[in-house]
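Engineer: what's the 3D shape of this:
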Amino acid sequence: MRIKSYFARTVEGAMELARQEMGSEAMLVNSRRALPEAKHLGEYEVVFASDFPESRTDEPAPAPQPPQETTAGARRFSLEVAELKKELEGMRRVLTRSALAPPHWAGASPSLSDAYLTLTANDVAPDLAREIVESARVFSDESRPSPPAGGQHLDPDGFERSLVEEIGSRFTVQPSLGRGDAGPKMVALIGPPGSGKTTTLVKLAVNYGLSSHRPVLLLSMDTYRVGAADQLRAYSAILGVGFQVLETVGGLAQALEENRGKDLILIDTPGLGPNDMDVTSELARFVSTRTDVDTHLVLSSSMKSADLTRMVDRFEVFRPQCLLFTKLDETGSFGPILNEAARTAKPLSFFTNGQRIPEDLEAATRNRLVGLVLSGHQAQARAA
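Structural biologist: So this is what the prediction gives:
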C-alpha cells in the first residue's frame with residue numbers, strides 16, 4: 001500500500017491532485033487543515049492510500065525544497081556553531097591543563113606538585129594550599145642533617161610528615177560541651193536550615209548526657225518551622241529527658257535559671273536563612289552575651305566553600321565559640337572545613353557522618369580532618 005499527503009488551498013484542490021497522481025481507485029484516508037509548519041505547502045492537507053504497487057504509479061513528486069537563501073543561511077549557521085564548539089573545547093583544554101599543571105613555584109619536585117594538587121582537588125583554598133606546601137617543604141629541609149640549597153632533592157618521607165604536621169597546625173579542635181567547670185553545661189546549637197541541628201542535639205544528649213547518667217534538659221526555640229518542636233519532643237520522650245518549648249528570649253533566660261540543677265542543657269534554635277537574621281536579633285544578642293552558654297555553629301560539610309564562608313560570616317552575630325560540621329557522609333571534598341577553621345581560628349568541636357542516633361557522632365580530632373583532606377585524591381592527582 002502506498003500512502004501520501006497532498007496540499008492545496010482547498011480540500012477539493014488537494015483531492016484533485018491526489019486523483020491525478022494515484023488514480024481514481026485511490027482511497028481518502030484523512031483530510032484536515034495543514035499544520036503550521038506545512039502552511040507554505042497549502043491551506044489543507046489530504047491523505048490518500050492506494051493498493052497499486054509502486055511500479056503502477058507515477059513517480060512521487062519530489063519533496064519541496066527550501067529556498068536557496070534559507071539553505072545557505074542554515075549552512076552558515078551550522079558552520080558558526082561548529083566553530084564556536086571548537087573554540088569552547090580549546091578553552092576547556094587550556095583551563096584543564098592550567099588546573100592540573102604543577103605550580104611554577106613547585107619547580108621539578110613531584111612531591112610538592114602532588115601535595116598541592118591533592119589539597120586543591122579537595123577544595124582547599126589555593127592560597128592556603130600553597131602556604132601549607134611551602135611551609136612543609138621548609139620544615140622538611142630544616143629537619144635534615146644537611147638541607148640542600150634551594151630545596152632540591154626533597155626527601156619524600158620527611159616532606160609527607162611535615163605536610164601532615166603543617167595541615168594540623170592550621171586549625172584547633174575542642175570536642176567538649178559547656179564553658180567552665182562550675183554550674184550546668186549550657187550548649188546552644190545555631191545554624192542554617194537543614195544543617196542537622198536537631199538530630200545532632202539528640203546525639204549529643206545521648207553521648208554526653210545519658211551515657212554518663214547526667215540529668216539532661218532539651219530546650220527548643222524553634223517555633224518557626226512547622227513540626228520542629230514536635231520532632232524534638234518525640235525524641236525527648238523516647239530518651240526520657242526533660243523538654244520545654246520556649247517562644248521568647250525571656251522565657252529562655254527563665255528556663256536556664258530554673259534548671260541550674262541539670263548537668264546538661266541543650267538548646268535547639270530555628271534554622272535561619274538570609275532573610276531571617278533580623279527577626280532573631282534578640283536571640284543573637286542573648287546568646288552572644290551569655291558567658292555561660294557554649295554556642296556551636298552547625299554547618300553542612302557538603303556546602304560549597306564560598307557559600308560556607310558567607311554562612312559563617314552571617315552567623316557571627318551569635319559569637320559562636322566552635323564550628324560543628326555535619327553530613328561528612330554526603331561529600332568527598334573536605335577542604336572547605338579546613339578553610340573555615342583556618343580562616344576563623346574557631347576550634348572544631350564535633351563531626352557527624354550519618355543519620356543514626358547516637359552512633360554517627362564523633363569528636364573532632366586533628367588526625368581525622370588531616371586524613372580527610374589528604375585522602376581520596378592523591379592517586380588521581382598523580383595520574384593527572
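Engineer: Do you have the helices of the stretch 101-250 of the chain handy? List them.
Structural biologist: Ranges of helices in the stretch 101-250 of the chain, per DSSP state H, counting those that start in this stretch, are 110-121, 126-142, 156-168, 197-208, 228-239, 249-258.
Engineer: With distance to residue 269, mean neighbour count and mean pLDDT as extra columns, can I get the ones you listed in JSON lines?
Structural biologist: Yep, even glycine has a C-beta here, placed from its N, CA and C like the rest. Putting those into JSON lines (distance: least, Cβ to Cβ, whole Å; neighbours: other Cβ atoms under 10 Å; pLDDT from 0 to 100) gives the following:
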{"stretch": "helix 110-121", "distance to residue 269": "34", "mean neighbour count": "22", "mean pLDDT": "81"}
{"stretch": "helix 126-142", "distance to residue 269": "30", "mean neighbour count": "19", "mean pLDDT": "81"}
{"stretch": "helix 156-168", "distance to residue 269": "31", "mean neighbour count": "18", "mean pLDDT": "84"}
{"stretch": "helix 197-208", "distance to residue 269": "7", "mean neighbour count": "23", "mean pLDDT": "90"}
{"stretch": "helix 228-239", "distance to residue 269": "10", "mean neighbour count": "16", "mean pLDDT": "82"}
{"stretch": "helix 249-258", "distance to residue 269": "10", "mean neighbour count": "15", "mean pLDDT": "90"}
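Engineer: okay, those helices in CSV with distance to residue 286 next?
Structural biologist: Converted to CSV, the helices of the stretch 101-250 of the chain look like this (distance: least, Cβ to Cβ, whole Å):
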stretch, distance to residue 286
helix 110-121, 39
helix 126-142, 34
helix 156-168, 35
helix 197-208, 17
helix 228-239, 19
helix 249-258, 5
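Engineer: who wins for proximity to residue 85 among those helices?
Structural biologist: helix 110-121 (27.5 Å; Cβ to Cβ).
Engineer: Identify whichever of the helices of the stretch 101-250 of the chain lies nearest to residue 369.
Structural biologist: Nearest of the helices of the stretch 101-250 of the chain (Cβ to Cβ): helix 156-168, 7.9 Å.
Engineer: What helices and strands are in contact with the closest one?
Structural biologist: helix 110-121, helix 126-142, helix 366-374 (3 or more Cβ pairs under 8 Å, 6 or more residues apart in numbering; DSSP states H and E).
Engineer: quick one, which of the helices of the stretch 101-250 of the chain is nearest to residue 368?
Structural biologist: Per Cβ to Cβ, nearest to residue 368 of the helices of the stretch 101-250 of the chain: helix 156-168, 10.4 Å.
Engineer: how about the CA coordinates for the closest one, as CSV?
Structural biologist: Extracted C-alpha coordinates of helix 156-168, given in CSV (Å, rounded to 0.1, in the frame of the first residue of the first chain):
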residue,chain,number,x,y,z
PRO,A,156,59.6,12.4,50.2
ASP,A,157,59.1,10.8,53.6
GLY,A,158,60.3,13.8,55.5
PHE,A,159,58.1,16.0,53.4
GLU,A,160,55.0,13.9,53.9
ARG,A,161,55.5,14.1,57.7
SER,A,162,56.0,17.8,57.6
LEU,A,163,52.9,18.1,55.4
VAL,A,164,50.7,16.3,57.9
GLU,A,165,52.1,18.4,60.7
GLU,A,166,51.6,21.6,58.8
ILE,A,167,48.0,20.9,57.9
GLY,A,168,47.3,20.0,61.6
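Engineer: tell me which element residue 282 falls in.
Structural biologist: Secondary structure assignment for residue 282, by DSSP states H and E: helix 281-289.
Engineer: circling back: tabulate the helices and strands packed on helix 156-168 (JSON lines), appending distance to residue 189.
Structural biologist: Below are the helices and strands packed on helix 156-168 laid out as JSON lines (distance: least, Cβ to Cβ, whole Å):
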{"stretch": "helix 110-121", "distance to residue 189": "30"}
{"stretch": "helix 126-142", "distance to residue 189": "27"}
{"stretch": "helix 366-374", "distance to residue 189": "20"}
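Engineer: Name the SS class of the residue nearest to residue 346 when sequence neighbours are not counted, please.
Structural biologist: Spatially, and ignoring its direct neighbours in sequence, residue 346 is nearest to residue 323 (5.1 Å; Cβ to Cβ, 6 or more residues apart in numbering). Under the three-state scheme (DSSP: H, G, I helix; E, B strand; the rest coil), residue 323 adopts strand.
Engineer: any idea how far residue 323 lies from residue 329?
Structural biologist: 18 Å (Cβ to Cβ, to the nearest Å).
Engineer: Going by how many neighbours each has, rank these two and give me the top one.
Structural biologist: residue 323 (25 against 13; other Cβ atoms under 10 Å).
Engineer: so that one sits right up against residue 297, yeah?
Structural biologist: Yes. Counting by Cβ atoms under 8 Å, residue 297 is a contact partner of residue 323 at 5.4 Å.
Engineer: if I look at the two, which residues touch both of them?
Structural biologist: 312, 346 (Cβ atoms under 8 Å, 6 or more residues apart in numbering).
Engineer: shaky segments in the stretch 201-350 of the chain?
Structural biologist: 224-228, 274-279 (pLDDT under 70).
Engineer: hey, what's residue 187 bridged with?
Structural biologist: residue 266, residue 294 (DSSP bridges).
Engineer: Could you say which helix or strand holds residue 32?
Structural biologist: strand 27-33.
Engineer: just checking, what packs against that strand?
Structural biologist: Under the contact rule (3+ Cβ pairs under 8 Å, 6+ apart), strand 27-33 is packed against helix 11-22, strand 44-50.
Engineer: What angle do strand 44-50 and that strand make with each other?
Structural biologist: Relative orientation of strand 27-33 versus strand 44-50 (axes from the mean of the first three to the mean of the last three Cα atoms, to 10 degrees): 170 degrees.
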